[in-house]
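Engineer: sequence and predicted structure, then a few things I'm wondering about:
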Amino acid sequence: MVKPIKIGAIAIGLGALLLSGVLWRGNATAPPDPERALVASLRSEPTVYNRYLDGSAAADLISLLTNATLVRVNRSTDAIEPALAERWALSPDGLTYTLSLRHDVRFSDGAPFTAADVLFTARVLFDTRVDSPLASTLRVDGKPLTFAAPDDFTVTVSLPSAFAPGLRLLDNMPILPRHKLEEALNAGSLREKARVGSTLDELAGLGPFKLVEHVAGQRLVFIRNPYYWRKDDHGRPLPYLDRLTVAILPDQNTEAVRLGAGEIDLMSNGDIRPDDYATFKRLSDEGRLKLMDAGIGLDPNFLWFNLTPQGKVAPWLRDRRARQAISFAVDRQVMADTVYLGAAVPIYGPVSPGNKVWFSPSAPQYPHDASRARELLAAAGLSDRDSDGMLEDAVGRPARFSVMTQKGNTLRERGAAMIQEHLRLIGISVDIVALDVRTLQTRWMSGDYESIYMGAQASATDPALNADFWLSSGPFHFWNPGQRVPATEWEARMDAMMRRQAAASALEERQQLFAGVQQIMGEELPAIYFVAPRVTIAVSPRVSNAAPVQQAPQLLWSADTLTVSGR
């Protein structure tokens, strides 16, 4: 299960140098009452401000804070809710939805929102020059949705074929301002329009906040969108906050210290590290922090291999028996107990037990078994040919590969180190290369790697909405993305089963088909999963009305209802 996303834009203007960062500032109003402000943290930074061109967690967060969608999936209840569309109807053939848009909705710059903005967003989505990764998430069986507008406040969305999740697709389609971006789209300069360094006053959205300041390497500052359309159950306008500052803190140690010291109120990436639990529990007992349990996480770290045709991975790693051996060799319970200090559960595939509807307990499992691992490696052609205790392939090359992981993310660094140690015990050498997130993404996209130990943020719990991971043609089919035709027989079978389950109307049939997909994934192991962490969230006592969920961002998915204690 994965998480996709991206976007871009024009007018580049560098602001003044501020400390160690570059400052980009919009025409912000006077600072609001500080008692109505919160400070969050984020471990990465955007390269553009438009989600259609940037697949990072930073771009996703900016979109959640500044944009809105036609419908919304409530991450607490998993129910679909009205958003910019206040109601809808489905045609008798089950293929066309007619959505009624809210009247009197305005963008953050005061411009009115109409159906024309929805049609424009659809143009951006499927424009080949934009080449947005979001496009794959809004296709059914590889074909795009069709949008039309009978009038200014009605939109029809037609599916090319039956699709069980229906309008849930639109939860991944933030609406863009036609009046701000149409000229750039027509000129082919959309990316420049939203590139970091562009004028923030040119940004406009329908979300609860607007971005007014970006200090590179330090912070993003959002203030309340005065035109935001949503109200609470008592008719009071949202958001409750006047200002939200997001501190850029790539290092988790620094992030933990600042949260414990009260310098930040919450972490955008949500869950705390097991190492910090004892300290945070003491601070909680003292009333200086609040701890919340969100359950078993949905987005575990995993190890995947470069299985593209030109991939530089060692030939023996293309043998599924070798990958199965690696899975048997790593003691997941030890990883859960040591790396996560017990705050994790062993898993064997992409779907964690936290996803109760779609998790299949019948998928292949690989309990720790070093003897079985050695048998599989021998069957894959590896043996200790020079009696040095380490394995070599048929031509005498060492059984060795590199694992890239995220620098500064202690759980990933420690997890990679444990994989390294457990594989050493069965004769495989592993070299760990820690890189910053941006370099990691570049290396992955260029295919310049052997394996990566990382995580991915799921866009939804329903697998049909994460087709970009499961389908061989998907851009987030990590081990061999964007295949024109399935590279392997087993990927072709997965493709066929995913398409069938996406079209099936009965939940039980869909679950059975998806269990088959998990079975294939568990046998072939292009990516190996080890543990799913239990999600514990720490916030300052100032944070009120929080609705923690298992998916990142665990709190800021509903930032418009966050408030300050006592306010």
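Structural biologist: Thanks, I have it. Numbers count the residues shown, from 1 in each chain.

Engineer: buried stuff in the top helix by length along the chain?
Structural biologist: Across the chain, the helix with the greatest residue count (assigned by DSSP state H) is helix 507-524. Within helix 507-524, the residues that count as buried by 16 or more other Cβ atoms under 10 Å are Arg510, Gln511, Leu513, Phe514, Ala515, Gly516, Val517, Gln518, Gln519, Met521, Gly522, Glu524. No exception for glycine: its C-beta is placed from N, CA and C like everyone else's.

Engineer: tell me how far that helix is from the chain's mean position?
Structural biologist: In terms of Cα atoms, centre = their mean, to the nearest Å, the centre of helix 507-524 is found 22 Å from the chain centre.

Engineer: neighbouring strands - and their directions - for whatever helix or strand comes next after it?
Structural biologist: Tracing the chain C-terminally past helix 507-524 and defining elements by DSSP states H and E, one meets strand 527-529 next. Counting by DSSP bridges, the strands paired with strand 527-529 are strand 301-305 (antiparallel).

Engineer: for Val433, list each beta-bridge partner.
Structural biologist: Here Val433 sits in beta bridges with Met404, as judged by DSSP bridges.

Engineer: could you count how many residues lie near it?
Structural biologist: Neighbourhood size, Val433 [other Cβ atoms under 10 Å]: 16.

Engineer: find the centremost residue of this protein, please.
Structural biologist: With distances taken as Cα atoms, centre = their mean, the residue of the chain nearest its centroid is Gln457 (2.4 Å).

Engineer: so it: helix, strand or coil?
Structural biologist: Put simply, Gln457 is coil when judged by DSSP: H, G, I helix; E, B strand; the rest coil.

Engineer: who's in contact with the closest residue to Thr561 other than its chain neighbours?
Structural biologist: Nearest in space to Thr561, with sequence neighbours left out and distances taken as Cβ to Cβ, 6 or more residues apart in numbering, is Asn545 at 5.4 Å. Contacts for Asn545 (Cβ atoms under 8 Å, 6 or more residues apart in numbering) come out as Tyr240, Thr561, Leu562, Thr563.

Engineer: next step: those restricted to strands.
Structural biologist: Thr563 (DSSP state E).

Engineer: for Phe107, list the residues it contacts.
Structural biologist: For Phe107, the contacting residues are Phe113, Pro177, His179, Lys180, Ala204, Gly205, Leu206, Tyr227, by Cβ under 8 Å, 6+ apart.

Engineer: likewise Ala164?
Structural biologist: Going by Cβ under 8 Å, 6+ apart, the list of residues near Ala164 reads Ala464, Gln501, Ala502, Ala503, Ala504, Ser505, Arg510.

Engineer: wait, which of the residues you listed is closest to Gly235?
Structural biologist: When those are compared for distance to Gly235 (Cβ to Cβ), Ala464 wins out at 36.2 Å.

Engineer: helix or strand for the closest residue to the closest one other than its chain neighbours, which one?
Structural biologist: Distances taken as Cβ to Cβ, 6+ apart place Ala502 nearest to Ala464, at 3.9 Å, with adjacent residues excluded. Element membership of Ala502, judged by DSSP H and E, is helix 489-503.

Engineer: and Leu471, how far is that from Val351?
Structural biologist: 16 Å (Cβ to Cβ, to the nearest Å).

Engineer: cool, and Tyr52?
Structural biologist: Here the criterion is Cβ to Cβ. By it, Tyr52 lies 27 Å from Val351.

Engineer: before we move on, the earlier item: wait, the residue nearest to the centre of the chain touches Ala552, no?
Structural biologist: Yes - here Gln457 lies in contact with Ala552, judged by Cβ atoms under 8 Å, at a distance of 5.2 Å.

Engineer: okay, now the unreliable bits of this protein?
Structural biologist: When residues are selected by pLDDT under 70, those of the chain lie in 1-35, 270, 458-459, 566-567.

Engineer: can we see that at 50?
Structural biologist: Flagging of the chain using pLDDT under 50 yields the residue ranges 1-21, 27-33.

Engineer: show me the contacts for the spatially closest residue to Gln501 that is not a sequence neighbour.
Structural biologist: Among residues not flanking Gln501 along the chain, Leu513 sits closest, at 3.6 Å (Cβ to Cβ, 6+ apart). Residues in contact with Leu513 (Cβ under 8 Å, 6+ apart) are Met497, Met498, Arg500, Gln501, Ala504.

Engineer: for His368, grab the count of nearby residues.
Structural biologist: By the criterion of other Cβ under 10 Å, His368 has 17 neighbours.

Engineer: pretty sure it contacts Ala336?
Structural biologist: No - taking Cβ under 8 Å as the definition, His368 is not a contact partner of Ala336, at 11.5 Å.

Engineer: chain center to the strand ranked longest in the chain: distance?
Structural biologist: Scanning the chain for the strand with the most residues, using DSSP E, yields strand 531-539. Distance of strand 531-539 from the chain centroid (Cα atoms, centre = their mean) equals 16 Å.
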